[in-house]
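Build the 3D model from these lines:
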Amino acid sequence: MVSERVGQYIEKKGISYYAFENSLGASRGSISKAVKEGKSIGSNVLENIMGIYKDLNPSWLLTGQGEMFISGNEVSANREIQTFRLKTDSSLESQQIPLYDIEAMAGLVPLFQHSESQEPIDHISIPHLPKCDGAVYVTGDSMYPLLKSGDIVLYKEIHDIRNEIFWGEMYLLSIDMSGEEYITVKYIQKSEIPGSVRLVSQNQHHQDKDVELGKIKALALVKASIRINAMH
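Residues are numbered from 1 along each chain as shown. Model prediction:
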């Protein structure tokens, strides 16, 4: 069954269902439920999977014939990469950037506090980028069309939140909302309210919001984004 082979592929890749669903823009739990219950997966989702995961052999996925993986020289992923540099940034010739599953880490705060001991789901290697500490999948549409759900953002952690904000730049934030962690990507601008910052979305349908600086529990400067485009 196709759904069973999708599960085998996810297991072999060593990624979580959450990250896999995120990368496809699929609803949370939709793929994991289909795999676990042996249900069919829609043709549009399968097409998306084959378009994004270029190392997956379509013949194996659909029929079970052949090998699971296409050999490396046959793979050509179509990736759209944007960088968001400060004027002071210097590029690295190469670096291995760990890709983390925020849900598995239970949020940004524990990820940033214990990043050295956390196990990434993958590593990203893109030459000539500024120094990055890690990467995560984006959820939500607050920065659409610049970023969309399922894109990957590469970030540099900010350790002194009160003194190291570059106004007008894009940040990955963890905000305490009545005891719940709210993770988002926003521009940070100066606020007219003392002790607060203004969070601004790229999406015009999202209103600006002033947030107390003390409620920001984790902060990282977005250095680049990756969007994987399906080939048709």
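
mind giving me the domain split of this structure?
Using automatic domain parsing, the domains assigned to the chain come out as 2-74, 79-228.

I figured residue 228 hits residue 23, correct?
Yes - at 6.8 Å, residue 228 counts as touching residue 23 under the criterion of C-beta atoms under 8 Å. Every C-beta, even on glycine, is put in place using the N, C-alpha and C of the backbone.

before we move on, back to that, among the domains of the chain, which gets the worst mean confidence?
Sorting the domains of the chain by mean pLDDT places domain 2-74 lowest, at a mean of 84.

Apart from its chain neighbours, what residue comes closest to the residue nearest the centre of the chain?
Centroid-nearest residue in the chain, with C-alpha atoms, centre = their mean: residue 137, separated by 1.2 Å. Computed as C-beta to C-beta, 6 or more residues apart in numbering, the closest residue to residue 137 that is not its neighbour in sequence is residue 22, at 4.2 Å.

tell me the contacts of that neighbour?
Residues near residue 22 by C-beta atoms under 8 Å, 6 or more residues apart in numbering: 137, 139, 149, 150.

Tell me if I am right that it is in a strand.
No - counting by DSSP: H, G, I helix; E, B strand; the rest coil, residue 22 is not found in a strand; it is helix.

Mutual contacts of residue 228 and residue 23, please.
residue 52.

Give the pairing partners of the helix or strand hosting residue 224; include direction for each.
In the assignment (DSSP states H and E), residue 224 maps to strand 216-228. Its sheet considered, strand 216-228 pairs with strand 79-83 (antiparallel), strand 152-157 (antiparallel), strand 170-177 (antiparallel) by DSSP bridges.
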